[in-house]
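[1] how would this look folded up:
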Amino acid sequence: AASGATTKVPKKSDEEIAREEETKINDILKLEILELDLGYGLLKLADVDLIERIRAMRRNIASSLGFLMPKIRIRDNLQLPPNEYRFKLKGIIIGQGEIYADKFLAMDSGLVSEDIEGIPTKEPAFGLDALWIDASVKEDAILSGYTIVDPASVISTHMSELIKQNAAELLTRQETQNLLDKLKIDYPVVVEDTLRIAPINLIQKVLKTLLKDNIPIKDLLSILEAISDIAEVSKNLDMIIEHVRAALSRVITSLYIDEKGQLNFYILDTAAQQKLMDAVQYKDGAYHLMINVAQTSSIVQALRREKEKRPMSQHGEMVLCVEPSLRKFIANICANFAIDIVVLSFAEISANTPFETVGVIEIENL
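    Alright, predicted model coming up:
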């Protein structure tokens, strides 16, 4: 045979070309629930280490929140700056950051004895001041009191926080059905009774609302039993949610107790609370807080004022306890006006938990 002979590549048939084109189009149209895009400078991170950290993160979130999040698709994106990554939920960017694959992130632990050289940055998950340092000074940084984090951990921690913040978006109707199917293996009567009274879309709405409020749905048995009890009386979503939250009092209280196991909270002054309760009216199949703009402004000012006055010695979340009929409305005001206060109802305080009222919030001109 002649040494210069070339091998002919079989020509693809029109049918094969059409089939490949169809596959490409289908890939483009497929909506990925969660995606991690990496700039080319970070591709070395997309190895076993990062993948294993993401697996561990999925296990941790399943354990803490009570449902399995979708798999994350990792891919290179040459349109990104080399050291940048982006995290997407259903094609929309929900978080991004810039990291160095060959450096370590150093954060002040509060016990730093000696400053070190590095590139100033912000830790992406919590916005803390930090430095990117070379591997050669890593040991010195540890001895100086810095907390050191590798690049893969920076990404996985950021993703974990973003997923927790957007957990409600991830609980699809299909995942809700999966949760019910798993519970049905051990508690068939509970699941069947609940579905007989409450359709799956109502159950999904309740679970999504709990996740939005940072409440785990791990105790699905108690949640379904509470839904089943109240749904026989009312299909009003707000009433069902408040009843479910009360049934989860031990879970909710445990989220906000201090290191001594005590729940510390603020309350509204008696006159203001009574006036607000009187303003709650049932109209068009739902309860509404009938107050005007000026009254809303008075509430906002009072909450912000108390938040700013809060002593630095009080660690953790600031908790406000109100009557059950007011919880949703005060919580919505806090959310709408970016006031970082957790609003609980008195019905959500576990009977076995010691508690203390640490302040009374007075609302003027209500």
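[2] rest of the way, CA atoms for contacts and neighbours
    Noted.
[3] Do a quick rundown of the strands in the stretch 201-350 of the chain.
    In the stretch 201-350 of the chain, the segments counted as strands under DSSP state E, counting those that start in this stretch are 263-268, 280-283, 286-289, 319-322, 342-345.
[4] Mind giving me the packing neighbours of the fourth one?
    It refers to strand 319-322. strand 263-268, strand 342-345 (3 or more Cα pairs under 8 Å, 6 or more residues apart in numbering; DSSP states H and E).
[5] try 10 Å
    Packing partners of strand 319-322 (3 or more Cα pairs under 10 Å, 6 or more residues apart in numbering; DSSP states H and E): strand 263-268, helix 324-336, strand 342-345, strand 355-361.
[6] outside of that strand, which residues touch it?
    256-257, 263-269, 273, 303, 327-328, 330-331, 340-349, 357-361 (Cα atoms under 10 Å, 6 or more residues apart in numbering).
[7] The third one too?
    Strand 286-289 is contacted from outside by 236-239, 276-282, 325-326, 328-330, using Cα under 10 Å, 6+ apart.
[8] Point out where this structure drops to low pLDDT.
    1-11, 14, 16-18, 20-29, 312-314 (pLDDT under 70).
[9] Kindly report the domain assignment for it.
    Annotated domains of the chain cover 14-95, 97-152, 171-247, 257-361 [automatic domain parsing].
[10] Export these as TSV, with columns for distance to M159 and mean neighbour count.
    Converted to TSV, the domains of the chain look like this (distance: least, Cα to Cα, whole Å; neighbours: other Cα atoms under 10 Å):
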stretch	distance to M159	mean neighbour count
domain 14-95	7	15
domain 97-152	8	17
domain 171-247	16	17
domain 257-361	22	15
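[11] Reformat those as JSON lines; add distance to K164.
    Shown next, in JSON lines, are those (distance: least, Cα to Cα, whole Å):
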{"stretch": "domain 14-95", "distance to K164": "8"}
{"stretch": "domain 97-152", "distance to K164": "11"}
{"stretch": "domain 171-247", "distance to K164": "8"}
{"stretch": "domain 257-361", "distance to K164": "16"}
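[12] Identify whichever of the ones you listed lies nearest to I163.
    domain 14-95 (8.5 Å; Cα to Cα).
[13] Skip the chain neighbours and tell me the closest residue to Y40.
    P82 (5.0 Å; Cα to Cα, 6 or more residues apart in numbering).
[14] check which helix or strand covers that neighbour.
    Take DSSP states H and E as the rule and P82 turns out to sit in neither a helix nor a strand.
[15] what's the spacing between it and G41?
    4 Å (Cα to Cα, to the nearest Å).
[16] joint contacts of those two?
    99-100.
[17] Pairing partners for the closest residue to R327 other than its chain neighbours in the sheet, please.
    Once flanking residues are discounted, R327 sits nearest to S345: 5.6 Å by Cα to Cα, 6+ apart. Taking DSSP bridges as the rule, S345 bridges to V322.
[18] S345 contacts A246, correct?
    Yes: contact status for S345 versus A246: in contact at 8.3 Å, counting by Cα atoms under 10 Å.
[19] which residues are in contact with both of the two?
    Common neighbours of S345 and A246 (Cα under 10 Å, 6+ apart) are P324.
[20] give the contact list for the residue lying closest to A135 once chain neighbours are set aside.
    Counting by Cα to Cα, 6+ apart, the nearest residue to A135 once its immediate chain neighbours are dropped is K103, at 5.9 Å. Listed by Cα under 10 Å, 6+ apart, the contact partners of K103 are 118-119, 131-138, 149-151.
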